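K.L.:
Provide a 3D model corresponding to the input given below.
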Amino acid sequence: MDGTLVDTEVLWWDATEEIAARLGHRLTDADAPEVVGRAVEDTAAHLVRATRAPAAADTCATGAPDAPGAAGVAAELTAAFQERVDRGAPLRPGAARLLAELERAGVPFALVSASPRSVVDSVTGGALAQVPFAFTLSADDTVRTKPHPDPYREAAQRLGVPGAACVAVEDSPDGAASASAAGCAVLVVPSLLPVPPGPGRVFADSLDVVSLASLRRYVAGGAAADGPV
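P.N.:
Here you go, the predicted model:
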């Protein structure tokens, strides 16, 4: 969803930058692997480490609250991101056309996100309100989220097909890793972070150049691994 169908990766970065500054940490490109495409809990844990905040909401010997722990930082990140998403998240180029083509052809498709359920619901009730997803999966719907394979395994199971019969469209290293580990073919359309090549992955500069025909060729093994669509 984020950075693939809707242009929310920048909103997530802005939200993380705000919370990091509040904790006394200046976000830089070096933080990107721990921010882009990561679950909120992962980014919160990174900020806690970066600012040497306690791992839990402890109190000082005086009884005064200490710096927020990972759970508190995660809550702040979610609230800051939610506020931005609620203002509106524009669709990525080519997303509406490709989704409409899938719908016309009767091809089932689902949304698999590492964002919290509240954020997924905000986007699917806003920018993606007219899109007939078979279902949506958020970070709250599996025990482990991306980069683990759990979300895509669960999605394939709900669709009633093996992972190898699915194409996952991803923009981040963690998302691509999750889909690859679940056995899916992976179409990478990079957003803020470069995604490394790997078996079963093809790359496109934009969804503008992706069609149903190319997706079908790819899942059937007709596209060269590590190459363009």
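
K.L.:
next up, the contacts around Trp12.
P.N.:
Counting by Cβ atoms under 8 Å, 6 or more residues apart in numbering, Trp12 touches 2, 35-36, 81. In this view, the C-beta of every residue, glycine as well, is placed from N, C-alpha and C.

K.L.:
list just the nearest of those to Ile19.
P.N.:
Distance to Ile19, by Cβ to Cβ, is smallest for Phe81 among these, at 9.3 Å.

K.L.:
for the protein, which segments are assigned as strands?
P.N.:
111-112, 136-137, 167-170, 185-188, 201-203 (DSSP state E).

K.L.:
got those strands as a markdown table, with mean pLDDT and mean neighbour count columns?
P.N.:
As requested, those are arranged in a markdown table below (pLDDT from 0 to 100; neighbours: other Cβ atoms under 10 Å):
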| stretch | mean pLDDT | mean neighbour count |
| --- | --- | --- |
| strand 111-112 | 97 | 26 |
| strand 136-137 | 98 | 21 |
| strand 167-170 | 96 | 24 |
| strand 185-188 | 95 | 25 |
| strand 201-203 | 93 | 20 |
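
K.L.:
neighbours around Asp29, how many?
P.N.:
9 (other Cβ atoms under 10 Å).

K.L.:
for Ser214, same thing?
P.N.:
Ser214: 19 neighbours (other Cβ under 10 Å).

K.L.:
distance of it from Gly183?
P.N.:
Using Cβ to Cβ, to the nearest Å, we find Ser214 at a distance of 20 Å from Gly183.

K.L.:
do the same with Thr16
P.N.:
For Thr16 relative to Gly183 (Cβ to Cβ), the value is 31 Å.

K.L.:
what sits against Ala134?
P.N.:
Counting by Cβ under 8 Å, 6+ apart, Ala134 touches 108-110, 158-159.

K.L.:
nope, Arg92 is what I meant
P.N.:
Taking Cβ under 8 Å, 6+ apart, one finds 3-7, 189, 206-207 in contact with Arg92.

K.L.:
same list (those residues) but as TSV, adding distance to Ala95 and pLDDT.
P.N.:
Formatted as TSV, the contacts of Arg92 follow (distance: Cβ to Cβ, whole Å; pLDDT from 0 to 100):
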residue	distance to Ala95	pLDDT
Gly3	11	87
Thr4	8	92
Leu5	5	94
Val6	7	91
Asp7	9	87
Val189	10	93
Ser206	10	93
Leu207	5	95
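
K.L.:
out of these, which are inside helices?
P.N.:
For the contacts of Arg92, not one is inside helices, with DSSP state H as the criterion.

K.L.:
domain-wise, how is this structure divided?
P.N.:
9-86, 95-219 (automatic domain parsing).

K.L.:
surely Thr15 touches Ala80?
P.N.:
Heads up, residue 15 is Ala, not Thr. Yes - Ala15 lies in contact with Ala80 (Cβ atoms under 8 Å); the separation is 3.8 Å.
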